[in-house]
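A.B. asks: from the sequence below, what's the structure:
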Amino acid sequence: MLTVHHLNNSRSQRVIWMLEELGQPYQIVRYQREPTMLAPEALKKIHPLGKSPVVEDNGHILAESGAILEYLQEAYDSENRLKPQVMSDKIQYRFWLHYAEGSLMPLLLMKLVFGSLGKAPVPWPLRPIGKAVGQGVQKAWLNKQMTTHARFIEDYLSQNPWFAGQQFSAADIQMSFPVAALLARGEVNDMPHTQAWMKKVQLRPAWQRALNQGGPFDLPGA
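C.D. replies: Residues are numbered from 1 along each chain as shown. Purely as a prediction, here's the structure:
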């Protein structure tokens, strides 16, 4: 049976959701974050990078969220319910599937890192300097980038109900984690279409089943 190595409050929630949308049987091996919020060392026994998600299926060890979702779609979505077939929608599907981790998540991670430079575990004598550096980078560059990307997403969703156009797809599943993190920060205002998309996502029965399987999904200030 397909196995999902699932870390709490992580990208692996998307894999569980994808499997619920497909109605594909699976089992979960659960891992809890360390106090540092990093993944436990046990995950390195499954994949050398020691990160989640990791999926085992038919003798294959699969890592990277986008690659896993593409594999699951190709292997178990014979009716293409989660991948559009019109070329213009395919182009959007592929773009958002890779944009999520390639463009948006790095900015969100930088926001988290630079916002933490004035806090533990940074040694207390260095925290004032760290805080000043972090705030300076955010003000000079990072906040502007976040606003640009937020506007880009909002403008697209103001004209399309889903990230691949008219059809719900794996692109929506892939975008769910960074969009949830973006909205959780509350720093970019006036995103009604993005918030409406998130509400539609959360009403999907497969999303709700995935929450029951994977556990609470909470990204405060992610």
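A.B. asks: once you drop chain neighbours, what's closest to the residue positioned nearest the centre of the chain?
C.D. replies: With the centre of the chain defined as its mean C-alpha position, the nearest residue by C-alpha atoms, centre = their mean is residue 177, 2.7 Å away. On the basis of C-beta to C-beta, 6 or more residues apart in numbering, the spatially nearest residue to residue 177 that is not a chain neighbour turns out to be residue 11, at 5.4 Å. C-betas here are computed from N, CA, C, even on glycine.
A.B. asks: tally of neighbours for that neighbour?
C.D. replies: Using other C-beta atoms under 10 Å, residue 11 is surrounded by 22 other residues.
A.B. asks: what's the pLDDT at it?
C.D. replies: Confidence at residue 11, expressed as pLDDT, is 85.
A.B. asks: what distance do you get for the spatially closest residue to residue 195 that is not a sequence neighbour to residue 175?
C.D. replies: If the residues on either side of it in the chain are set aside, residue 195 comes closest to residue 183, at 6.6 Å by C-beta to C-beta, 6+ apart. Residue 183 sits 12 Å away from residue 175 when distances are taken as C-beta to C-beta, to the nearest Å.
A.B. asks: do residue 44 as well
C.D. replies: Separation of residue 44 from residue 175 (C-beta to C-beta) stands at 28 Å.
A.B. asks: one more: residue 32?
C.D. replies: Distance of residue 32 to residue 175, given as C-beta to C-beta: 26 Å.
A.B. asks: neighbour-wise, which of the two wins?
C.D. replies: Just comparing residue 32 and residue 175: by other C-beta under 10 Å the higher neighbour count belongs to residue 175, 28 against 11.
A.B. asks: next one: that one, what pLDDT does it get?
C.D. replies: Looking at residue 175, its pLDDT stands at 97.
A.B. asks: contacts only, for it.
C.D. replies: Listed by C-beta atoms under 8 Å, 6 or more residues apart in numbering, the contact partners of residue 175 are 96, 99, 100, 163.
A.B. asks: the first one in helix, strand or coil?
C.D. replies: Put plainly, it is residue 96. In terms of secondary structure, residue 96 is helix; the call rests on DSSP: H, G, I helix; E, B strand; the rest coil.
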